[in-house]
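>>> next comes the sequence, and after it the predicted model I'd like to discuss.
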Amino acid sequence: MRTDTGQVFRLEDYRPSDYLIPRTELRFVLSPDSTIVTATLTIRRRDPSERGAPLTLDGDGLVLRRLELDGMPLAQDAYAATPDQLVIHAPPAQAEFTLAIETEVAPSQNTALMGLYRSNGVYCTQCEAEGFRRITYFLDRPDILSVYTVRIEALRQEAPLLLSNGNPTENGDLGGGRHFAVWHDPFPKPSYLFALVAGDLGVVADHFTTMSGRKVSLGIYVEHGKQHLAGYAMDALKRSMTWDERVFGREYDLDVFNIVAVSDFNMGAMENKGLNIFNDKYVLADENTATDADFANIEAIIAHEYFHNWTGNRITCRDWFQLCLKEGLTVFRDHEFSADQRSRPVKRIAEVRTLRAHQFPEDQGPLAHPVRPRRYREINNFYTATVYEKGSEVVRMIRTILGAEDFRKGMDLYFERHDGEAATIEDFLKAFEDAAGKDLGQFALWYHQAGTPNVTVTSSHDAAAAQFTLQIEQSVPPTPSESRKRLMHIPLAFGLVGSDGRDLAYAAADGAAVEDGVIHLRKRRHTVTFSGIDERPAISLNRGFSAPITLSVEQRLEDQLFLARHDGDPFSRWQAFNTVMTDALIAASRHIRDDRAPPFSPAIAELATAVLGDDGLEWAFRALALTPPGEADIAREIGSNIDPDAIFAAREALLRGIAQVNADLFAAAYERLADSGPFSPDAASAGRRSLRNVLLDYRSTLAGGADLAARHFHAASNMTDRAAALTVLAHRHQGTPQALEALTRFEKTFSSDALVMDKWFAIQAAAPGPAAVEAVRGLSAHPAFSFGNPNRLRSLFGTFFSGNQTGFHRADGAGYALFAETILEIEKRNPQVAARLATGLRSWRSLEPKRQELARQALVLIASTPGLSADLSDIVERTLA
Ligand code: PHE
Ligand code: ZN
């Protein structure tokens with residue numbers, strides 16, 4: 001474990017390396033406890049006239065066995081080797097030399113899952129961001145691009161399959177039950193994209209013919225006997241390849257493309273060149289074991305990793321500050337892919353919900369950082385919602401500002417200019433500026449400035465003059481180490497909706513650049529006057545969520561209700577309904593805190609009636625519209641002095657209120673939407689299931705709810721319906737015989753399927769109320785649970801810390817005590833996962849004072865533990881700062 005040294009890395013300190021490594025030859029002699037790695041590096045001075053600089057290679061916990069320079073052992077005093085560094089004091093004078101380094105690593109003891117490790121008996125690697133230095137000494141930084149040749153030797157019985165990046169070139173027998181394979185990757189790549197897999201796995205094989213007619217062999221490797229679960233992933237891969245050719249003109253470039261599913265993985269998946277390694281959760285699926293959400297995630301992540309081949313691999317990042325260059329852009333690409341494969345409006349709503357749930361609290365709390373950070377202590381902690389999701393929103397805004405055609409031109413120019421390079425955000429923006437002839441100088445603040453901008457809008461209508469005026473003001477709240485903010489360029493898509501539900505045409509708009517339905521805010525205040533507006537319109541703002549901001553609009557409830565029924569922009573229509581519900585829930589939670597019964601306007605239940613009955617809307621859209629904001633969403637909107645119990649009670653009351661008014665309608669729709677015909681994971685079928693399951697949630701608040709959910713559970717013919725029913729039972733009908741019976745049945749049926757058991761853990765970990773702390777503690781002793789597996793940890797503890805508002809934030813602080821104890825326990829094995837789970841308390845300052853103090857104590861307890869890892873101390877110290 002790398003303990004905290006307190007070292008800070010700064011963007012402004014970047015300078016190119018004195019040395020380059022044009023070629024890297026690796027030889028692995030695999031064995032679980034002692035793998036020998038020989039790296040033969042061709043090293044070149046960047047500037048041949050410069051001499052004398054020592055060569056410093058990165059290491060992390062390495063054991064050096066042998067070191068040769070140009071074939072000769074190096075004298076003891078010519079170098080200095082520690083586990084974390086290898087320094088050659090005076091490299092030879094010639095421009096190029098070779099360094100042969102032999103290290104020894106123990107994959108079976110690697111519990112951090114970075115570098116070379118074993119997952120279920122399979123050797124695999126994870127090198128992003130700084131895992132390669134746990135394999136050999138190297139210039140382990142993304143601007144060192146090298147051509148790799150990799151030879152793997154292993155026992156044939158233990159590892160009949162030997163994979164690395166690029167194309168296979170050679171393989172053969174070594175005698176004594178051993179064999180070898182050689183892989184060569186012709187594309188220069190940074191070390192973080194290196195990968196190796198060796199083991200005994202089953203394969204699903206297919207092929208793809210690229211647009212220029214090249215045939216590519218595709219393989220998805222999974223545990224033996226699980227091949228039938230990889231079909232959906234393979235289909236998603238082929239669709240991704242076709243889509244990237246059609247939409248971005250990007251063709252695949254090697255003879256093979258392999259994906260390997262492993263069960264122990266710190267993140268979702270990894271885009272290693274030609275050899276993507278996946279958390280098996282994002283590969284394996286069938287109707288019995290995976291929910292519709294799982295299918296959608298698999299499709300998106302398969303696409304994401306594949307799309308990295310161009311945005312990340314062919315063009316990589318100069319340094320880790322530029323992480324969003326590949327991640328934000330690739331998320332944008334996978335979002336567009338899913339929007340094209342499924343329903344664009346539904347996808348957009350889901351994206352915004354995710355952004356608000358994960359990125360907004362980050363941006364509004366102690367861990368806020370710019371999309372392109374300027375400093376970090378541990379880069380692992382910057383794989384954040386801000387870098388990924390807000391990074392994607394920023395790319396989306398570029399497209400909004402440029403228009404689709406110039407956006408594509410800018411992307412083409414970016415690929416043309418930087419293919420084969422390690423680039424920066426400046427390079428990326430410049431490509432768009434040059435392609436479109438536009439200045440993105442002010443816009444670039446989206447990359448440099450943290451915090452969620454707020455836009456306040458008031459309006460007035462002058463009937464006599466037929467003028468409608470918007471007063472718009474922007475502000476960016478202070479964030480850690482950025483107290484003064486500059487004014488941003490915010491593209492605000494809008495419509496003025498008339499009483500017939502159509503957008504009103506206006507004769508002119510003055511006071512801001514208004515183009516194609518977008519107001520471009522660049523100043524603090526804008527007064528935008530529309531002429532030719534006879535009637536007072538309802539204003540529909542930030543359509544399609546054109547900018548990742550918060551809006552404070554003075555809007556009458558009638559206008560919101562009107563927009564929820566008539567807004568021509570589907571996102572804004574959903575937003576209007578969501579705002580109506582959020583406002584009602586905030587008011588209700590205040591009432592509950594004051595021991596008063598919460599009042600709800602009958603208009604909300606009527607709106608639900610109207611939305612459910614609107615057959616012009618997709619099922620999935622109706623499901624999203626009818627889903628009330630989650631407890632965490634409501635808490636975020638309230639912002640401070642949060643009482644999770646009051647929020648929970650308000651939400652339950654709203655659901656029941658809507659369900660009561662619509663009892664017959666919901667019952668009839670519930671019956672009508674029942675399964676018919678064989679299962680299909682397509683978007684329309686998934687939408688039908690999601691709407692029916694939302695109706696189940698509502699109806700389960702009424703008398704007979706537990707029986708209804710139990711029937712739903714037992715009749716379910718797929719995991720989506722089964723998990724939805726189990727959630728209702730385990731949450732709303734906790735402790736009832738129906739709930740206990742369903743939990744037991746589920747456990748018995750799926751006890752040998754770890755990924756399904758994750759759902760069982762997660763559903764119980766999210767069960768509201770004070771009993772959850774003990775329940776989670778108990779579940780951590782369940783035979784199917786393991787402290788060594790990140791998926792188990794996330795499903796049980798991750799869900800509890802981040803997805804159980806009333807349970808985790810129990811008033812007596814027992815949840816926080818479990819938090820501190822667990823995180824310290826996990827850290828011993830896997831600091832990266834521990835640090836990520838520790839972000840579960842990032843919003844502690846918005847809690848009511850008593851909980852706030854208890855949460856602080858838990859954080860202080862962690863922070864004051866001696867010998868903390870860099871990962872965890874970085875998170876807890878920033879959280880407390
Ligand atoms: N780069 C991976 C992605 O596609 C994420 C990742 C980061 C995986 C670090 C492992 C380690 O998003
Ligand atoms: Zn990525």
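Nice, I can see it. Ligands and ions are numbered 1, 2, ... in the order given.
>>> hey, where'd the strands end up in the stretch 51-200 of the chain?
Listed from the start of the chain, the stretch 51-200 of the chain has strands (DSSP state E, counting those that start in this stretch) covering 55-58, 63-69, 72-73, 79-82, 85-88, 96-105, 115-119, 122-126, 146-155, 161-164, 167-175, 178-189, 196-199.
>>> format these as CSV; extra columns: distance to I862.
Backbone N, C-alpha and C define where each C-beta goes, glycine included. Formatted as CSV, the strands of the stretch 51-200 of the chain follow (distance: least, Cβ to Cβ, whole Å):
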stretch, distance to I862
strand 55-58, 28
strand 63-69, 31
strand 72-73, 46
strand 79-82, 28
strand 85-88, 29
strand 96-105, 30
strand 115-119, 25
strand 122-126, 25
strand 146-155, 39
strand 161-164, 39
strand 167-175, 47
strand 178-189, 37
strand 196-199, 35
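>>> out of those strands, which is closest to ligand 2?
Each of those was checked against ligand 2 via Cβ to the ion, and the shortest separation belongs to strand 122-126, namely 13.2 Å.
>>> so that closest one versus strand 115-119, what angle?
Using axes from the mean of the first three to the mean of the last three Cα atoms, to 10 degrees, the inter-axis angle of strand 122-126 relative to strand 115-119 is 140 degrees.
>>> partners of strand 122-126 in the sheet?
Using DSSP bridges, the strands paired with strand 122-126 are strand 115-119 (antiparallel), strand 196-199 (antiparallel).
>>> now tabulate those in JSON lines and tack on mean pLDDT and distance to ligand 1.
Conversion of those to JSON lines gives the following (pLDDT from 0 to 100; distance: least, Cβ to the nearest ligand atom, whole Å):
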{"stretch": "strand 115-119", "mean pLDDT": "98", "distance to ligand 1": "11"}
{"stretch": "strand 196-199", "mean pLDDT": "99", "distance to ligand 1": "15"}
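>>> and of the ones you listed, who's closest to A855?
Taking Cβ to Cβ as the measure, the strands paired with strand 122-126 were each checked against A855, and strand 115-119 came out nearest at 33.5 Å.
>>> list the buried residues for that closest one?
Neighbour-count burial for strand 115-119, with 16 or more other Cβ atoms under 10 Å as criterion, is recorded at 115-119.
>>> what residues are up against G391?
For G391, the contacting residues are 324, 327-329, 331-332, 371, taking Cβ atoms under 8 Å, 6 or more residues apart in numbering as the criterion.
>>> wait, L163 sits on F257?
No: with the criterion set as Cβ atoms under 8 Å, L163 and F257 do not qualify as a contacting pair; they are 11.4 Å apart.
>>> show me what the helix or strand hosting G807 is packed up against.
For G807, the element it lies in under DSSP states H and E is helix 805-808. Counting contacts by 3 or more Cβ pairs under 8 Å, 6 or more residues apart in numbering; DSSP states H and E, helix 805-808 is packed against helix 631-638, helix 644-661, helix 772-779, helix 799-803, helix 814-829.
>>> extract the CA atoms of it and return them as PDB.
Extracted C-alpha coordinates of helix 805-808, given in PDB (Å, rounded to 0.1, in the frame of the first residue of the first chain):
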ATOM      1  CA  GLN A 805     -30.700   8.100   3.700                       C
ATOM      2  CA  THR A 806     -32.600   7.100   6.700                       C
ATOM      3  CA  GLY A 807     -30.600   4.000   7.600                       C
ATOM      4  CA  PHE A 808     -27.100   5.300   7.200                       C
END
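>>> ok, which of the strands of the stretch 51-200 of the chain comes nearest R417?
Across these, the minimum distance to R417, taken as Cβ to Cβ, is reached by strand 178-189, at 16.5 Å.
>>> what are the buried residues along the closest one?
So, applying 16+ other Cβ under 10 Å, buried residues of strand 178-189: 178-185, 187-189.
>>> and the two most separated of the residues you listed?
Of all pairs drawn from those, the one with the longest distance (Cβ to Cβ) is R178 and P188, at 30.7 Å.
>>> so what's the residue count around I398?
Neighbours of I398 under the rule other Cβ atoms under 10 Å: 23.
>>> which SS state does it fall under?
Each residue gets one of three states, and I398 gets helix by DSSP: H, G, I helix; E, B strand; the rest coil.
>>> same thing with I763?
Here I763 is recorded as helix under three-state DSSP.
>>> quick revisit: more neighbours, L163 and F257?
Remark: of L163 and F257, L163 carries more neighbours, 27 against 23, as counted by other Cβ under 10 Å.
>>> please name the nearest non-neighbouring residue to the more buried one.
With Cβ to Cβ, 6 or more residues apart in numbering as the criterion, L163 has its nearest non-adjacent residue at 4.4 Å, and that residue is V197.
>>> any idea what the one you found is bridged to?
Under the criterion used (DSSP bridges), V197 bridges to C124, L163.
>>> unless I'm mixing things up, it is touching I277, no?
Yes: proximity of V197 to I277 meets the contact threshold set by Cβ under 8 Å, at 6.8 Å.
>>> which neighbours do these two share?
Common contacts of V197 and I277 (Cβ under 8 Å, 6+ apart): 124-125, 260.
>>> any chance of those in JSON lines, with distance to ligand 1 and pLDDT too?
JSON lines is the format used below for those (distance: Cβ to the nearest ligand atom, whole Å; pLDDT from 0 to 100):
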{"residue": "C124", "distance to ligand 1": "12", "pLDDT": "98"}
{"residue": "T125", "distance to ligand 1": "11", "pLDDT": "99"}
{"residue": "V260", "distance to ligand 1": "14", "pLDDT": "99"}
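>>> please check those residues and keep the buried ones.
124-125, 260.
>>> mind giving me TSV with those and columns for distance to ligand 2?
Shown next, in TSV, are the buried ones among the shared contacts of V197 and I277 (distance: Cβ to the ion, whole Å):
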residue	distance to ligand 2
C124	18
T125	17
V260	17
